[in-house]
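> A structural model of the following input is requested.
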Amino acid sequence: MSADNFFHFEKILHESLTRHKTLSHVYVFMPDHIHLILEGQTYDANALSALTLFKQKTGYFLSQNNSTFKLQKDFYDHILRKDEDVFKQVAYILNNPVRAGLVENWYDYPYKGSMLYDLSDANFL
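The predicted structure is shown next:
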């Protein structure tokens, strides 16, 4: 992923989530897919519609910019249960680039963000 793609994808993600009343605790763009934790903010929030819109808009962006970069076509979802610690899941997602051998510390990975937390603090975790 390039910094330019990340900038556009992050903007599209925020717009799609906001439109469907959903926030992201964390998102990490990997070389061909994204990891994220979403939370609806109202009774009529729709995370699935937000993701569908995101996939449509990023696909269009990539097709218009003759990019060889592609995101994974399908996605896998998991509903966090009340007994699952959201913060532990955030930490797990932030460490995906470390497990993939892309960086030694999650903080150094540039293609991440959150709509709820300040990830600019290296001591966040």
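> Within the helices and strands, which one has the spatially most central residue of the chain?
Closest to where the C-alpha atoms of the chain average out (CA atoms, centre = their mean) is Tyr27, at 2.7 Å. For Tyr27, the host element (DSSP states H and E) is strand 22-29.
> ok, the helix or strand following that strand: who's next to it in the sheet?
The first helix or strand that comes after strand 22-29 along the chain, using DSSP H and E, is strand 34-40. Under the criterion DSSP bridges, strand 34-40 sits next to strand 22-29 (antiparallel) in its sheet.
> Need the residues that contact the strand it pairs with.
Strand 22-29 is contacted from outside by 1, 6, 9-10, 13, 17, 34-41, 45-47, 50, 86, 89-90, 93-94, 96-97, 109, 111-117, 119, using CB atoms under 8 Å, 6 or more residues apart in numbering. Quick note: C-beta positions are derived from backbone N, CA and C, even for glycine.
> For PyMOL, what selects the buried ones among these?
Here is the PyMOL command that selects the buried residues among the contacts of strand 22-29 (16 or more other CB atoms under 10 Å):
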select buried, resi 9+13+17+34+35+36+37+38+45+47+50+89+90+93+94+96+97+109+111+112+113+114+115+119
